[in-house]
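A.B. asks: Quick one, fold the following:
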Amino acid sequence: MPDPILSLLDVHAGYDGVPVVFGVSLEVMPGELVAVVGANGAGKSTTMRAIAGLNNPLQGTIRFEGRDISRLRAHQTLALGISYVPEGRRLFAKLSVEENLSLGAYTEKSAAEIKRRLDEMLELFPILRDRARQTAETLSGGEQQMLAIARGLMSRPKLLMLDEMSLGLMPTLVEKMMETIVAINRRGVTVLLVEQMVQEALEIAHRGYVLQTGRVVHTGSAQELLDSEEIRRAYMGM
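C.D. replies: Numbers count the residues shown, from 1 in each chain. This is a model prediction of the structure:
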């Protein structure tokens, strides 16, 4: 059995010393697509930010490839191979699609390698090839989301963390987004997905964790969670 690429043990995290996440423990195995689901305000994004080094945990341990990263900053976790795509896209609105993508590879010094990754992203996201010279602000919501994910992949991450990718997208685009995430995972990228759309996320994940008011209340295979009467009632309106 391989070791987890990411593990959280009893992690408490929050803002200004006030915890909003209480004792979260979870694991992601290499090559997995794991979903962390729950309602708005459950502590999902806070957990992601703690992993990414944007707000260090108040208590508990975060390990990546066996190394304690609990006290690292965001640029250090990125250098280790963790790429975090936050909710709200956070693109450089006035820069072109190509410029946004190139900035995603700022840790790479080789111009030839950056160009190779750029070509790869434009192949993976054909819509971005058509928009390569356009500024990010002129893209539709779905296109901006694709650009945010592609930029996250430009650093060649070992772990890609996606935060609320469906936010503000219409249902047909959410489906397309989920298909894209599956395709990325199949290329060998380990994915940790945080999502309010519980059913959609669990339908593509291998395993899932359900967060409620900052605590893990359910965990299991994605199918087990989808089949759970309690989860279907609470989160899927069934």
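
A.B. asks: Show the contacting residues for the residue nearest to Ser221 when sequence neighbours are not counted.
C.D. replies: The shortest distance from Ser221 to any non-neighbouring residue, by Cβ to Cβ, 6 or more residues apart in numbering, is to Arg207 (5.5 Å). Bear in mind the C-beta positions are built from the backbone N, C-alpha and C, glycine included. With contacts defined as Cβ atoms under 8 Å, 6 or more residues apart in numbering, the neighbours of Arg207 are Glu32, Val34, Ala35, Thr219, Gly220, Ser221, Ala222.

A.B. asks: how does the chain divide up, domain by domain?
C.D. replies: Per automatic domain parsing, the domain ranges recorded for the chain read 1-81+158-238, 91-156.

A.B. asks: would TSV of the ones you listed with mean pLDDT be doable?
C.D. replies: Formatted as TSV, the domains of the chain follow (pLDDT from 0 to 100):
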stretch	mean pLDDT
domain 1-81+158-238	93
domain 91-156	91
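
A.B. asks: what's the spacing between the residue positioned nearest the centre of the chain and Gln59?
C.D. replies: Nearest to the geometric centre of the chain sits Leu162, at 1.7 Å (Cα atoms, centre = their mean). Counting by Cβ to Cβ, to the nearest Å, the gap from Leu162 to Gln59 is 26 Å.

A.B. asks: Likewise for Gly188?
C.D. replies: Applying Cβ to Cβ to Gly188 and Gln59 gives a distance of 33 Å.

A.B. asks: Just want to know which of those two has more residues nearby.
C.D. replies: Using other Cβ atoms under 10 Å as the criterion, Gly188 and Gln59 rank with Gln59 on top: 13 against 9.

A.B. asks: Which phi and psi values does that one adopt?
C.D. replies: phi -160, psi 150 (degrees, to the nearest 10).

A.B. asks: Then Gly43?
C.D. replies: Per-residue torsions, Gly43: phi 110, psi 10 (degrees, to the nearest 10).

A.B. asks: What of Glu120?
C.D. replies: Dihedral pair for Glu120: phi -60, psi -40, per degrees, to the nearest 10.

A.B. asks: pLDDT at Arg89, what is it?
C.D. replies: In this model, Arg89 is scored at 65, pLDDT.

A.B. asks: separation between the closest residue to Leu173 other than its chain neighbours and Pro171?
C.D. replies: Spatial nearest neighbour of Leu173, chain neighbours left out: Gly142 (4.2 Å); criterion: Cβ to Cβ, 6+ apart. Remark: distance between Gly142 and Pro171 (Cβ to Cβ) = 11 Å.

A.B. asks: picking up where we left off before, can you name every helix or strand that the strand or helix carrying the residue nearest to the centre of the chain contacts?
C.D. replies: Assessed by DSSP states H and E, Leu162 sits inside strand 159-163. Counting contacts by 3 or more Cβ pairs under 8 Å, 6 or more residues apart in numbering; DSSP states H and E, strand 159-163 is packed against helix 44-52, strand 82-85, helix 141-153, strand 190-195.

A.B. asks: what angle do the helix or strand that that strand is followed by and strand 159-163 make?
C.D. replies: Proceeding N to C from strand 159-163, the next assigned helix or strand is helix 171-186, under DSSP H and E. Inter-element angle recorded for helix 171-186 and strand 159-163: 170 degrees (by axes from the mean of the first three to the mean of the last three Cα atoms, to 10 degrees).
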